[in-house]
Every structure is written in C-alpha cells, then in structure tokens.
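Colleague: Give me a 3D structure for the following:
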Amino acid sequence: MRVITSPNPGNYISLLRINGANSGAARRLVLQESCANSIESYLVYTKVNTLEMKAVLSGANPDFVALLPSGFAITPNEVAAKEARGSHGTSTDETLLTVAIQKVVHWGRNLKNFKKPLTEAKRQIRAIIAGIKEATLK
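Modeller: Just a heads-up that it's a prediction; the model follows:
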C-alpha cells in the first residue's frame, strides 16, 4: 500500500509486507516514509506487527503500536561547499549521509550482554551504507 503525501511522486508513505523463508516474517510489515526534493532525500522505516497494523487500519488507537524508526538522510554538505567557495571560488557537490537506527536492548547489569546488540547495530549500519552506495553508483 502506498499513500502519496505531496505533489512530488517521491514523497509517500508505504506499508510493505516482509516475505521471507522465516515463518515469523510473514507476520511483519514495514511502515516506510520517503521524501525527496531538490535539496535533500530521506527514508524512515520501522517494522510493525501485522495484527497491530490491521487494528489501526480498522480504527484502533495507534498510540499502542510500538515503533522504533530507523532511516537515513542525504543532504548537501554546506560546510564543504562554503569552504570550497572560500578557497577556490567554486562550489562542490559533496553530500552528507546520516544513518540512524533504534534498538531495544535488555542487558541488565551485565555489560557483556551489550556487545552482541552493539555488533548487530554496527552490521546493520554497514549494510545500510553499502546498499546506499550500490544504489547511488549505478
């Protein structure tokens, strides 16, 4: 399902179903917002439970749906542009990539339990950056 949020077709909210070999994946959806304009682009997404989303779409209170959004933004690097104009008199087309993820970590009093979620977060960020590089270099 896709709902366009502005006259720009790159700005929309989607509800996507996860299809995977894992039987638990069939019960998960991804809620995603995408925005693109001449200055910036961003994508924000979160996994949501299918039963919770069906309830919300049927009129239930959305305040009880747990959301931990993650995403990325691509914006112009204004600092680099100003520095380039100041030293060379020309502009630059450098951009900044900002990636953010959120996780719930239950580590109690044992800091050893924190290493696994941190390693997973690093893996996720690397995968996001690799995917963005692959998509933009095509």
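
Colleague: What helix or strand is residue 119 located in?
Modeller: helix 115-136 (DSSP states H and E).

Colleague: Which positions within that helix qualify as buried?
Modeller: For helix 115-136, burial by neighbour count (16 or more other CB atoms under 10 Å) applies to residue 128. Any C-beta I mention is one placed from the backbone N, CA and C, and that applies to glycine too.

Colleague: And for that helix, what's in contact with it?
Modeller: Around helix 115-136, the neighbours that count as contacts under CB atoms under 8 Å, 6 or more residues apart in numbering are 70, 72, 74, 97, 99, 101, 103, 105, 107.

Colleague: Please put the alpha-carbon coordinates of it into CSV.
Modeller: C-alpha atoms of helix 115-136 as CSV (Å, rounded to 0.1, in the frame of the first residue of the first chain):
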residue,chain,number,x,y,z
LYS,A,115,28.4,-6.5,23.0
LYS,A,116,26.1,-8.6,20.8
PRO,A,117,23.5,-5.8,20.2
LEU,A,118,26.3,-3.3,19.5
THR,A,119,27.9,-5.7,17.0
GLU,A,120,24.5,-6.2,15.3
ALA,A,121,23.9,-2.4,15.2
LYS,A,122,27.3,-1.9,13.5
ARG,A,123,26.5,-4.7,11.0
GLN,A,124,23.1,-3.0,10.2
ILE,A,125,24.7,0.4,9.7
ARG,A,126,27.4,-1.1,7.4
ALA,A,127,24.7,-2.9,5.4
ILE,A,128,22.6,0.3,5.0
ILE,A,129,25.6,2.3,3.8
ALA,A,130,26.7,-0.5,1.4
GLY,A,131,23.1,-0.6,0.0
ILE,A,132,23.1,3.2,-0.5
LYS,A,133,26.5,3.1,-2.2
GLU,A,134,25.4,0.4,-4.5
ALA,A,135,22.1,2.2,-5.4
THR,A,136,23.8,5.6,-6.0
